[in-house]
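*Asks:* what would the 3D arrangement of this be:
(4 chains)
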2 protein chains.
Amino acid sequence: MTGVKPTMSDVARTAGVSAMTVSNVLTGRRHVSPATRSRVEQAAAALGYELNLTARHLRAGRTDTVALVVPHFDHPYFGELAARLAALLAAEDRHLVVEQTGASREAELAAVSQARWQLYDGVLLSVVGMSAADLDDLHTSVPLVLLGEQEMPARYDHVRMDNVAGARLATAHLLATGSRRIAVVGGADPDPASGMKPARTLGWTLAHADAGTDPAPELLVRAPADLTSGRDAVRRLVADGIEFDAVFAVTDTLATGVLAGLAEAGVRVPDDVQVIGFDNLASSEFTVPALSTVDPGHERMVTEALRLLDAVARGPAGGADGGTGAREHVISPARLVHRATARAR
Amino acid sequence: MTGVKPTMSDVARTAGVSAMTVSNVLTGRRHVSPATRSRVEQAAAALGYELNLTARHLRAGRTDTVALVVPHFDHPYFGELAARLAALLAAEDRHLVVEQTGASREAELAAVSQARWQLYDGVLLSVVGMSAADLDDLHTSVPLVLLGEQEMPARYDHVRMDNVAGARLATAHLLATGSRRIAVVGGADPDPASGMKPARTLGWTLAHADAGTDPAPELLVRAPADLTSGRDAVRRLVADGIEFDAVFAVTDTLATGVLAGLAEAGVRVPDDVQVIGFDNLASSEFTVPALSTVDPGHERMVTEALRLLDAVARGPAGGADGGTGAREHVISPARLVHRATARAR
DNA sequence: GGCGGCGAGTTTATCGATAAACTGGCGCCG
DNA sequence: CGGCGCCAGTTTATCGATAAACTCGCCGCC
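*Replies:* This is a model prediction of the structure:
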């Protein structure tokens, strides 16, 4: 036990060959005679040799690794996204690693400026805290595809869901099944461009307009998108004596909190209050009652994201501003998933 | 737009200094006169220079990055674990990246043999598929701490929860509150050493022994630890006409599925059937009714894991077998969390 | 006046793997 | 018999950043 990590030259020396030959044996990139090959393999095994990928990457200029940069590790949406991406990448011998920014604008900017993702062949960045302007003075030569629900600079490829249409679909269903006072939990000032909440709130507004109504302003309930806030939103509505016969929660996470709040208040779902969420998380099938929700076309999103990433990587220079690479803005279509928290049409 | 990434020498040339000076400016490791400093900074900005971390890492032999290797990205337990670790590491300017193995023994072994984690200063490996024997012929010079619920080779540091005691606590509570036929969903042949399920099943058995009873064998319900399996387990129990007045689910995920199954069967919780889970996931507070569960001491586990990792990293040679490094086996104590799916004592 | 020391930079060597160019020997063909 | 090409392997140069050793000019002190 030497205590120091053996290098390729160490292996070469004990096998009585050159380092290059060791490399050839290990990568299989060139022919090596069986005799030499086995000598090398034995030497490598004897020394407990392990390839240094850092060195290979420096030389090769590639890492065969894609990073997914998300605001939070512990939000199920990102976990599911990561799992889907990893499956696709693994099929072509590439790797996925997941990093976390922390969701604040500052943290995201820091994550960027740290030049950390020079370590990867490509980066999928889930944006929530940064504005389009922030992204605009982002300079990185790494192929970058944005995921997220805000309007983004045209200079980057961008994949998102059809938030407005999905929310409209959900709200329209609630209206069609008899609800008249539909609270939007996690709502924001309606706007198709400035983020997930504004877009989904816009869908809620538009569905009302389609039906020739106008939602009451007190039914727009602002809330951060977490479980606690969903429950608290219901508590507040109840405490304030605001009548409602349905909830459109802008995420499934919020919807799950809402269901908890409704149960606590003794409200029957869907008889007294219908609920529809958005995201179609794996867990949403298992709430009590099972959550009706909007499926944002997960599979479509991940395949598109990787397609774009590869296009940029192959494209001209992959540079931050130059080039006429892909630069597509893809919108994945949404679809209503009927379960038990809303009545059938 | 040159199209090629500028290097430190490029910056040096346009600033009229040496590459070393550029390095000194950028790292701030040595004094550089203000005049030179600003020339370098301008040159770097003008060229859009970005540090190549791969090269730095090769030279430095460190990456300031710790990897968490988990079986599945999309299991909430690992997401929460990652978030906690990331928070601790960020406090000391280190990074966490998460990688996925895929949970099969083969995939975990492949992940290992790929020498990928030479890229990190340390690795936290969540083991589920590999046996102690597999780990035994694992040779890696990277500081490694194991997380997971099986018995592990003494040669590695290992952090786990107190599965047996936690399960015993949960089951004892169910017995104390009047339940007599307690199904264990996700059960396995009782054994403290061979994995999470056997250990937790053992706790269930021991609690019965403590109370002077013996659980009926048909109440041991085997199931993979996912939502669907939890619901299916209940469906099976009901279909088979097996009587039960409580469920101890070996994970909160299973418990959530169980609650869905009970709701579907029209069973009242906790009046007809009490339920307790294990893991205390963030979402468990928001099931309907709110899930009583066992908290495995999350914070304790992550601080211990990092402490051990740092100890190994500093320890003698960090070698795979040599050295008398830390090599501790830490067991984090479990604690019962009372909520609504079980009656108060 | 001479010399130690310091400040600001530069030069050189190195981390470990590998692409590209090179060497030497052998077989085969005309 | 001369030469071409190939095989198996070696040598050299390189990826980009940086530690360590070195240079050079200037100041202050004895």
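*Asks:* tell me the contacts of residue A:267?
*Replies:* residue A:273 (CB atoms under 8 Å, 6 or more residues apart in numbering or on different chains). Just so you know, the C-beta spots here come from the backbone N, C-alpha and C atoms, and that holds for glycine as well.
*Asks:* what are the ranges of the strands in the stretch 51-200 of chain A?
*Replies:* Assigned by DSSP state E, counting those that start in this stretch, the strands in the stretch 51-200 of chain A fall at A:65-70, A:95-100, A:122-126, A:144-147, A:157-161, A:182-185.
*Asks:* and those strands, which is most packed in?
*Replies:* Burial of the strands of the stretch 51-200 of chain A is given as mean neighbour count (mean count of other CB atoms under 10 Å in any protein chain shown); strand A:182-185 ranks first at a mean of 28.
*Asks:* is chain B contacted by the longest helix belonging to chain A?
*Replies:* Ranked by residue count under DSSP state H, the longest helix found in chain A is helix A:298-314. No: against chain B, helix A:298-314 shows no contacts by CB under 8 Å from any CB of the partner chain, the least distance being 11.2 Å.
*Asks:* by contact count, what packs against the next helix or strand after that helix?
*Replies:* Proceeding C-terminally, helix A:298-314 gives way to strand A:329-332 as the next helix or strand, assigned by DSSP states H and E. Applying 3 or more CB pairs under 8 Å, 6 or more residues apart in numbering or on different chains; DSSP states H and E, we find strand A:329-332 packed against strand A:157-161, helix A:298-314.
*Asks:* what comes up buried for the last one?
*Replies:* In this case it means helix A:298-314. Neighbour counts over helix A:298-314 (16 or more other CB atoms under 10 Å in any protein chain shown) mark A:298, A:301-313 as buried.
*Asks:* JSON lines for these, including pLDDT?
*Replies:* Compiled in JSON lines, the buried residues of helix A:298-314 are given as follows (pLDDT from 0 to 100):
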{"residue": "A:298", "pLDDT": "97"}
{"residue": "A:301", "pLDDT": "97"}
{"residue": "A:302", "pLDDT": "97"}
{"residue": "A:303", "pLDDT": "97"}
{"residue": "A:304", "pLDDT": "96"}
{"residue": "A:305", "pLDDT": "96"}
{"residue": "A:306", "pLDDT": "96"}
{"residue": "A:307", "pLDDT": "95"}
{"residue": "A:308", "pLDDT": "94"}
{"residue": "A:309", "pLDDT": "93"}
{"residue": "A:310", "pLDDT": "91"}
{"residue": "A:311", "pLDDT": "91"}
{"residue": "A:312", "pLDDT": "87"}
{"residue": "A:313", "pLDDT": "84"}
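*Asks:* JSON lines for those residues, including distance to DNA strand C?
*Replies:* Formatted as JSON lines, these follow (distance: CB to the nearest atom of the strand, whole Å):
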{"residue": "A:298", "distance to DNA strand C": "35"}
{"residue": "A:301", "distance to DNA strand C": "34"}
{"residue": "A:302", "distance to DNA strand C": "29"}
{"residue": "A:303", "distance to DNA strand C": "30"}
{"residue": "A:304", "distance to DNA strand C": "31"}
{"residue": "A:305", "distance to DNA strand C": "28"}
{"residue": "A:306", "distance to DNA strand C": "24"}
{"residue": "A:307", "distance to DNA strand C": "27"}
{"residue": "A:308", "distance to DNA strand C": "27"}
{"residue": "A:309", "distance to DNA strand C": "23"}
{"residue": "A:310", "distance to DNA strand C": "21"}
{"residue": "A:311", "distance to DNA strand C": "24"}
{"residue": "A:312", "distance to DNA strand C": "23"}
{"residue": "A:313", "distance to DNA strand C": "18"}
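*Asks:* which among those are in contact with DNA strand D?
*Replies:* When CB under 7 Å from any atom of the strand is applied, no member of the buried residues of helix A:298-314 is adjacent to DNA strand D.
*Asks:* perfect, that will be all.
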